[in-house]
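S.K.: Let's see this in three dimensions:
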Amino acid sequence: QVQLVESGGGLVQAGGSLRLSCAASGRTFNKYGLGWFRQAPGKEREFVVDISWSGDSTSYADAVKGRFTISRDNAKNMVYLQMNSLKPEDTAVYYCAAHKREYRRLVMSTNVSDFDWGQGTQVTVSS
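M.R.: Numbers count the residues shown, from 1 in each chain. This next block holds a predicted model:
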């Protein structure tokens with residue numbers, strides 16, 4: 001059974017920073033693409049960023065480029081999202097996701113059923 005557990009969300013003022021963590025268990029994650037999505041109230045879940053199984057390639061949504069950084073530690077089965085220069089429009093529930101198939105990037109899939117999901121962590125940015 002795959003488990004993804006996010007942590008690190010909270011309330012922060014605009015311009016501040018947060019670091020999200022996602023602990024993965026249940027399989028050998030150095031073979032799987034990982035990433036983060038977010039869902040704001042009244043909006044659909046949207047792609048934020050993904051990272052390849054080796055960690056040498058990333059893709060970012062335009063809205064977060066230059067402000068967010070994804071990283072992973074395969075030895076610890078962890079993926080991180082460093083969020084800087086936060087804006088009120090970044091307010092959302094952030095979800096960690098892992099591709100269900102080996103050596104597949106999340107950014108290359110349009111079907112969210114291809115992913116395993118965490119329970120989400122709330123990020124609120126006040127103006």
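S.K.: So the residue nearest the centre of the chain versus T91, what's the distance?
M.R.: With distances taken as Cα atoms, centre = their mean, W36 lies nearest the centre of the chain, 1.9 Å away. Separation of W36 from T91 (Cβ to Cβ, to the nearest Å): 15 Å. For every residue, glycine as well, the C-beta is placed using N, CA and C.
S.K.: returning to what we had before: how about the residue nearest to the centre of the chain, nearest residue that isn't a chain neighbour?
M.R.: Excluding the flanking residues, the one nearest W36 by Cβ to Cβ, 6 or more residues apart in numbering is V48, at 4.4 Å.
S.K.: Verify the stated contact: V49 with Y60.
M.R.: Yes - contact criterion Cβ atoms under 8 Å: V49 and Y60 qualify, at 4.8 Å.
S.K.: what's the overlap in contacts for the two?
M.R.: Residues touching both V49 and Y60 (Cβ atoms under 8 Å, 6 or more residues apart in numbering) are 68, 70.
S.K.: and these two? which has more neighbours close in?
M.R.: For V49 versus Y60, neighbours defined as other Cβ atoms under 10 Å are more numerous around V49 (22 against 18).
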